[in-house]
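**Q** when you get a sec, could you give me coordinates for this:
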Amino acid sequence: MTRATCAVAALLALAVPRQPDVDAIKFAKAFQEGFADQYKSRQISGTGMSFHGSISERLADGSTRRALVITLGEISGGVAAPLETWDSFLEAETAHKTLVVALSGPDLPDVPSRPVTIRFTGVYDGQVRTIMRQAGSVTPDRGACPGEQPPSDVHASFYCAPLLTGATAAIVSR
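**A** Residues are numbered from 1 along each chain as shown. Next up is the predicted model:
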């Protein structure tokens, strides 16, 4: 009886189609608008630029591994346009128009601190990452993620980005 039940369950699992990956731009826009929870436990995939290079992420056990911040583009009027140069990135950062996701995973590539194109995928499980703004601005920023406020003596601009866990990434072009 148990074997038959397992066989039926396995057949049903194979018959149910896998949900397609969520487009990273669609997801990041939903995050900015406060609706990212609808994508919890979903695979998010996309392509973007790394302007930040690799970041050292400290784990709970005290060890470190690489993390990445991927800029998907500049959001203007609800439409995302790609950013490919350092100058266009800084201009979008100053205007607070960058659309980003952060990646955390066990084997992310070592990315240089210059613009490179990255193809990635990861799961959104509700985690966030505070990102420091790369350019000064006279407009107040959204601020750090809840619970991630910097020390009071740090005077910089911060914003909150969604974190994709179990992420994989590949450098597409340097």
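**Q** hang on, residue 52 packs against residue 115?
**A** No - between residue 52 and residue 115 there is no contact under C-beta atoms under 8 Å: 10.0 Å. No exception for glycine: its C-beta is placed from N, CA and C like everyone else's.
**Q** what about the residue nearest to the spatial centre of the chain, distance to residue 46?
**A** Geometric centre of the chain, nearest residue: residue 101, 1.9 Å, by C-alpha atoms, centre = their mean. Separation of residue 101 from residue 46 (C-beta to C-beta, to the nearest Å): 8 Å.
**Q** next, show the common contact partners of these two.
**A** Counting by C-beta atoms under 8 Å, 6 or more residues apart in numbering, the residues touching both residue 101 and residue 46 are 24, 70, 72, 120.
**Q** sheet partners, orientation included, of the host helix or strand of residue 130?
**A** Here residue 130 sits within strand 116-132, counting by DSSP states H and E. According to DSSP bridges, strand 116-132 forms sheet pairs with strand 42-50 (antiparallel), strand 158-173 (antiparallel).
**Q** list the buried residues in that strand.
**A** Going by neighbour count (16 or more other C-beta atoms under 10 Å), the buried part of strand 116-132 is 116-118, 120-124, 128-131.
**Q** for residue 59, which of the strands paired with strand 116-132 is the nearest?
**A** Between residue 59 and these, the tightest spacing by C-beta to C-beta is seen for strand 158-173, at 12.0 Å.
**Q** just the buried residues of the closest one, please?
**A** Under 16+ other C-beta under 10 Å, the buried positions of strand 158-173 are 158-164, 167-169.
**Q** same check, this time on stretch 85-100
**A** Applying 16+ other C-beta under 10 Å to stretch 85-100 flags 88-90, 92-94, 96, 98-100 as buried.
**Q** what are the ranges of the helices in the chain?
**A** Here the chain has its helices, by DSSP state H, at 2-15, 24-32, 86-94.
**Q** want to try JSON lines for the strands paired with strand 116-132, with mean pLDDT as columns?
**A** Output for those, formatted as JSON lines (pLDDT from 0 to 100):
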{"stretch": "strand 42-50", "mean pLDDT": "96"}
{"stretch": "strand 158-173", "mean pLDDT": "91"}
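**Q** rebuild these as a markdown table, extending it with distance to residue 28.
**A** Formatted as a markdown table, the strands paired with strand 116-132 follow (distance: least, C-beta to C-beta, whole Å):
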| stretch | distance to residue 28 |
| --- | --- |
| strand 42-50 | 8 |
| strand 158-173 | 7 |
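**Q** so which of those comes closest to residue 36?
**A** strand 158-173 (5.8 Å).
**Q** which one of the buried residues of stretch 85-100 is nearest to residue 30?
**A** After measuring the buried residues of stretch 85-100 against residue 30 - C-beta to C-beta - the closest member comes out as residue 99, at 11.0 Å.
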